[in-house]
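Colleague: model this:
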Amino acid sequence: MRQAVLLTLSLLFLFTDISLAQEKIELVLYRYINKWGFADRSKSVVIEPIYKKLSFFKGGVAVVRYKSKYGMIAKSGDVVVPFKYRSIDDKTITPIRATKKKKYGFLNSYGYEVVPFVYSYADPFSQGLAVVMSKKKYGFVDKNGDTIVPLQYDYAGSFHHGLAVVGIKEKKITKYAYINLEGIEVTDFIFDIAQPILNGRGRVEMDGKSYYINTRATVFPTFDFDLVLSFSENMATVKKDGDYGFIDTSGNLIVPMKYNRAFQYQEGIAPVLKGGRWGAIDMTGKVVVPFDYNLVLGFQEGFCIVERLGKYGFINKKAALVVPIKYDDAFNYRNGRAAVEKDGKWAFLNKRGSQVTAFLYDKRQFGGLEYNERVAWVKYNSRWGLIDIDGTDLTQFKYIDYQDFDSGYSVVVQPRRDSYGIGVIDIKGKEVIKPIYYSLTKVNTEFYEVRKTKKSRIGYVDRKGLEFFEEKVKTK
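Modeller: Next comes the predicted model:
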């Protein structure tokens, strides 16, 4: 068996996530000269390198390119979809979108063409239907290839919550409506802008004014407001004639239009401005923070930032001052810690208002808190480092840049003598992939694609630091 060459990875901040299914990766891509195959984790060849391009296995099959056409193979190496397609979308679940002779269609996991290749364009399936286009008209087909909604629209978007946006153009002007899964038009074509139904509602515009539509295709409010902002905690800020109030998801006015400004609800409380001073109200409109401040921001973890005369502090939901108004800037609590600034340096406070770090840091920025990993990226002497909830230095301050944590891992950039190196650390600050690569791109839950230099070949590194580069692989 000849020697096979395994890849390098690419970094240059190509942080594109080609995320695949959350399945155990058993086979790794490798290259011999300019052809690709698969090896196992012990670097033994499993599928010979005969392909021009391929992707990681997902659901037991991998999309591969042989000569100029795409097909699919099983982990045994057997061809399950013949090489006759111009493209196969390996990011879509079955039915799988593909193109053949410049036409779109869909394949099932066995390689059968379940939607014929007759369309000029097709979107992936959503709620059992896919948008298709032919002769510049849009409609919908099901997973059997049957036309459910005739191709009669000048625009069509995917289904969400049982509704899809469709459009008809007349005299160069497109008006939009919503249809249900049976293709019935549940609104008239009256909207100048219509967004998909997400989180139970979508935003629409008519005659320059904004409204909302719910999953029952009910439009609210009844075109009475000059502005309707996004919903938060089932309440939306509305504006009319310069005054602000709040409506619920049925369009009922819950808080009267009597405020000069209003922020969205967070933890059941919304900051509002009245008579030049800020306070806050609860979901019924009752004042729970008196109008004593130059600024009140939204609540997080039971606390909110307040400002007077350019200085910042924190109050709780009883409007009691828990952190004195003495800091130059502040960011709200996350995982029990708040960042505050004094004389150009940042520190962290606990919920009692006590410092857990000294005022050392040049810039405050969190990383990974959306995963409750309780760490913070901070900058000291022009370098980034990671500290834990108690302020303990986990990495030393040696990085010039970083990416926020993703599932417990962060991409970091470390300076080198005449360049930089890119690697990966875990939530404890351990370098699981040494920062030695020129470029690095996340491929899936276990692997990164890398390059060691600008001109080197692509390779792969897993999260244990095991490299698959230009090296000999074993035959089985």
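
Colleague: residue 197 and residue 267, how far apart?
Modeller: 26 Å (CB to CB, to the nearest Å). Every C-beta, even on glycine, is put in place using the N, C-alpha and C of the backbone.

Colleague: more crowded one of these two?
Modeller: Using other CB atoms under 10 Å as the criterion, residue 197 and residue 267 rank with residue 197 on top: 23 against 14.

Colleague: need the contact list for the more buried one.
Modeller: Residue 197 is in contact with 160-163, 178, 213-215, counting by CB atoms under 8 Å, 6 or more residues apart in numbering.

Colleague: among those, name the ones in strands.
Modeller: Assignment to strands by DSSP state E places the following of these there: 163, 178, 213-214.

Colleague: let's have the residues you listed in TSV, adding neighbour count and distance to residue 71.
Modeller: Converted to TSV, those look like this (neighbours: other CB atoms under 10 Å; distance: CB to CB, whole Å):
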residue	neighbour count	distance to residue 71
163	25	37
178	26	39
213	22	43
214	17	44
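
Colleague: now for those, which pair is the farthest apart?
Modeller: Within the ones in strands among the contacts of residue 197, two members stand farthest from each other by CB to CB: 178 and 214, at 10.6 Å.

Colleague: for the stretch 151-300 of the chain, give me the ranges with low pLDDT.
Modeller: 221-223 (pLDDT under 70).

Colleague: one more time with 80
Modeller: Residue ranges of the stretch 151-300 of the chain with pLDDT under 80: 199-200, 210, 220-224, 230, 250-251.

Colleague: mind listing the helices for the chain?
Modeller: Assigned by DSSP state H, the chain shows no helices.

Colleague: measure residue 61 to residue 74 for me?
Modeller: According to CB to CB, residue 61 and residue 74 sit 6 Å apart.

Colleague: should've said residue 259
Modeller: Residue 259 sits 63 Å away from residue 74, going by CB to CB.

Colleague: higher neighbour count, those two?
Modeller: Neighbours per residue (other CB under 10 Å) separate residue 259 from residue 74, with residue 259 holding more: 23 against 14.

Colleague: so what's the more buried one up against?
Modeller: Counting by CB under 8 Å, 6+ apart, residue 259 touches 243-245, 272-274.

Colleague: buried subset of these?
Modeller: Among these, those classed as buried by 16 or more other CB atoms under 10 Å are 244-245, 272-274.

Colleague: identify those among those that sit within strands.
Modeller: 244-245, 272-274.

Colleague: okay, those residues in TSV with distance to residue 431 next?
Modeller: Converted to TSV, these look like this (distance: CB to CB, whole Å):
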residue	distance to residue 431
244	50
245	53
272	48
273	48
274	53
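
Colleague: quick one: which of these is nearest residue 33?
Modeller: Distance to residue 33 across those (CB to CB) is lowest for residue 244, with 66.2 Å.

Colleague: what's across from the closest residue in space to that closest one that isn't next to it in sequence in the sheet?
Modeller: Leaving aside its sequence neighbours, residue 244 sits nearest to residue 262 (CB to CB, 6 or more residues apart in numbering; 4.0 Å). Using DSSP bridges, the bridge partners assigned to residue 262 are residue 272.

Colleague: for residue 262, grab the count of nearby residues.
Modeller: Around residue 262 there are 24 residues (other CB under 10 Å).

Colleague: and it, what is it in contact with?
Modeller: Going by CB under 8 Å, 6+ apart, residue 262 touches 237, 244-246, 270-273.

Colleague: for it, give its distance to residue 242.
Modeller: Residue 262 sits 12 Å away from residue 242, taking CB to CB as the criterion.

Colleague: same thing with residue 230?
Modeller: From residue 230 across to residue 242, the span is 20 Å (CB to CB).

Colleague: kindly report the same for residue 96.
Modeller: From residue 96 over to residue 242 the distance is 53 Å, taken as CB to CB.

Colleague: so which of these two has more stuff around it?
Modeller: A side-by-side neighbour count of residue 96 and residue 242, using other CB under 10 Å, places residue 96 first with 25 against 9.

Colleague: thinking again about what came up before, closest one to residue 418 out of the ones in strands among the buried ones among the contacts of residue 259, please.
Modeller: Set against residue 418, the nearest of these by CB to CB is residue 273 (53.8 Å).

Colleague: count the residues that sit near the nearest residue to that closest one once chain neighbours are set aside.
Modeller: Excluding the flanking residues, the one nearest residue 273 by CB to CB, 6+ apart is residue 261, at 3.8 Å. The number of residues packed near residue 261 is 14, by other CB under 10 Å.

Colleague: need the contact list for residue 261.
Modeller: Residue 261 sits next to 244, 272-273 when contact means CB under 8 Å, 6+ apart.

Colleague: buried set for stretch 168-177?
Modeller: 174-177.

Colleague: quick one: end-to-end distance for that stretch.
Modeller: End-to-end span of stretch 168-177 (CA to CA, to the nearest Å): 9 Å.

Colleague: nearest to residue 427, of the buried ones among the contacts of residue 259?
Modeller: Once CB to CB is applied, the member of the buried ones among the contacts of residue 259 that ends up nearest residue 427 is residue 272, at 38.8 Å.

Colleague: which ones are touching the closest one?
Modeller: Residue 272 neighbours (CB under 8 Å, 6+ apart): 244, 259, 261-263, 278-281.

Colleague: ditto for residue 385
Modeller: So residue 385 contacts 377-379, 393-399 (CB under 8 Å, 6+ apart).

Colleague: go with 7 Å
Modeller: Taking CB atoms under 7 Å, 6 or more residues apart in numbering, we find residue 385 in contact with 378, 393, 395-397.

Colleague: between those residues, which is closest to residue 439?
Modeller: Closest approach between the contacts of residue 385 and residue 439, by CB to CB: residue 395, at 21.4 Å.

Colleague: correct me, but that closest one touches residue 388?
Modeller: No: counting by CB atoms under 7 Å, residue 395 does not reach residue 388; the two are 10.4 Å apart.

Colleague: those two: who's more crowded?
Modeller: A side-by-side neighbour count of residue 395 and residue 388, using other CB under 10 Å, places residue 395 first with 22 against 16.

Colleague: so what's that one up against?
Modeller: By CB under 7 Å, 6+ apart, the contact set of residue 395 is 385-386, 425, 429.

Colleague: most surrounded residue in these?
Modeller: Top of the contacts of residue 395 by neighbour number is residue 386, holding 25 neighbours under the definition other CB under 10 Å.
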